[in-house]
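K.L.:
how would this look folded up:
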Amino acid sequence: MTVLIALLCQMVIMQRGYVHEVYVLPQSDGRTWFEWFDWYSIRLARRLVEDKTFFEITALLGLRGLILSVCVPILALVAWRRRTWAPIVGFVIVLLFETGLAGSMKVAMGRQFPWESWPRVGALESGELAFPSGHATNVVALLGYMAWYFTKAGSIMRKVAWGLVAAVSILVSVSSWLIRTHWPTDLVAGTAYGVIALVTVIALYNAAGLNPSATVQHSPTTRL
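P.N.:
You can find the predicted model right below:
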């Protein structure tokens, strides 16, 4: 976790180090490798995909509203049956944390989206919200919470659930890249912030003795 946070800080520092003037060509001296990577990745996406319809649909899997419309009824039903607010409280905490974390960085960075600035590298201007990707953050944090809450540690279902979350995360990120709604570094950072939010909430539940993934039998006082 410490290494992940350090890498994110380095990414933010280097991203924020972009000059406010945007350049048309990537060959300018003084470019960071982030800029080169982003520019050539979007250039490749433009060549690979002409019809973006399919990927525009799959990118919607990262929409917060869509995820909430699926997860909240499930959690509400579980909470009602078990007579506890714990499932919903954990989900709300991870939702607020990931939204605040990604949202504050969006405002602080102010980076333009590829479709706004191409063929230039995304400039840093007040009011722009490209970095990090909220879709990428949503998938990892919210679907990750569902995968963790409804499976037990070490079980096959836990591995399958993590695999599904990873698959959806990759699908959303690749789709967002191909339809050029985000720079690749936006997506990497969004995924990392989602991991931070998810791990934080899991740690809080473990510390409170409310870990539903425990391999031992739950007692009546801690069962979720």
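
K.L.:
drop to CA atoms for contacts and neighbour counts, all remaining ones
P.N.:
Noted.

K.L.:
measure the one residue sitting closest to the centre of the chain to residue 107 for me?
P.N.:
Among the residues of the chain, the one closest to the centroid is residue 137, at 1.5 Å (Cα atoms, centre = their mean). Distance, residue 137 to residue 107, by Cα to Cα, to the nearest Å: 15 Å.

K.L.:
go on, residue 189?
P.N.:
Applying Cα to Cα to residue 189 and residue 107 gives a distance of 14 Å.

K.L.:
neighbour count winner among these two?
P.N.:
residue 189 (24 against 17; other Cα atoms under 10 Å).

K.L.:
The more buried one touches residue 130, doesn't it?
P.N.:
No - look at residue 189 against residue 130 with Cα atoms under 8 Å: they stay out of range, at 10.8 Å.

K.L.:
Any stretches of the protein with poor pLDDT?
P.N.:
1-34, 115-128, 210-224 (pLDDT under 70).

K.L.:
In a helix, residue 84, correct?
P.N.:
No - Residue 84: not assigned to a helix; according to DSSP: H, G, I helix; E, B strand; the rest coil it is coil.

K.L.:
Look up how far residue 175 lies from residue 70.
P.N.:
Taking Cα to Cα, one finds residue 70 at 21 Å from residue 175.

K.L.:
neighbour count winner among the two?
P.N.:
Neighbours per residue (other Cα under 10 Å) separate residue 70 from residue 175, with residue 175 holding more: 23 against 10.

K.L.:
residues contacting the residue nearest to the centre of the chain?
P.N.:
The neighbours of residue 137, taking Cα atoms under 8 Å, 6 or more residues apart in numbering as the test, are 98, 102, 190-195.

K.L.:
May I have the helix or strand containing residue 98 exported as PDB, CA atoms only?
P.N.:
Using DSSP states H and E, residue 98 sits in helix 86-109. Output in PDB follows, covering the C-alpha atoms of helix 86-109 (Å, rounded to 0.1, in the frame of the first residue of the first chain):
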ATOM      1  CA  ALA A  86     -23.400  -3.400   8.100                       C
ATOM      2  CA  PRO A  87     -23.600  -4.300   4.400                       C
ATOM      3  CA  ILE A  88     -24.900  -0.900   3.300                       C
ATOM      4  CA  VAL A  89     -22.700   1.100   5.700                       C
ATOM      5  CA  GLY A  90     -19.600  -0.500   4.300                       C
ATOM      6  CA  PHE A  91     -20.700   0.200   0.700                       C
ATOM      7  CA  VAL A  92     -21.600   3.800   1.500                       C
ATOM      8  CA  ILE A  93     -18.200   4.300   3.200                       C
ATOM      9  CA  VAL A  94     -16.300   3.000   0.200                       C
ATOM     10  CA  LEU A  95     -18.500   5.000  -2.100                       C
ATOM     11  CA  LEU A  96     -17.900   8.200  -0.200                       C
ATOM     12  CA  PHE A  97     -14.200   7.500   0.100                       C
ATOM     13  CA  GLU A  98     -13.500   6.700  -3.600                       C
ATOM     14  CA  THR A  99     -15.700   9.600  -4.700                       C
ATOM     15  CA  GLY A 100     -13.900  12.100  -2.500                       C
ATOM     16  CA  LEU A 101     -10.500  10.700  -3.300                       C
ATOM     17  CA  ALA A 102     -10.900  10.700  -7.100                       C
ATOM     18  CA  GLY A 103     -13.000  13.900  -7.100                       C
ATOM     19  CA  SER A 104     -10.500  15.900  -5.100                       C
ATOM     20  CA  MET A 105      -7.700  14.800  -7.500                       C
ATOM     21  CA  LYS A 106      -9.800  15.700 -10.500                       C
ATOM     22  CA  VAL A 107     -10.300  19.300  -9.200                       C
ATOM     23  CA  ALA A 108      -6.600  19.600  -8.100                       C
ATOM     24  CA  MET A 109      -5.300  18.300 -11.400                       C
END
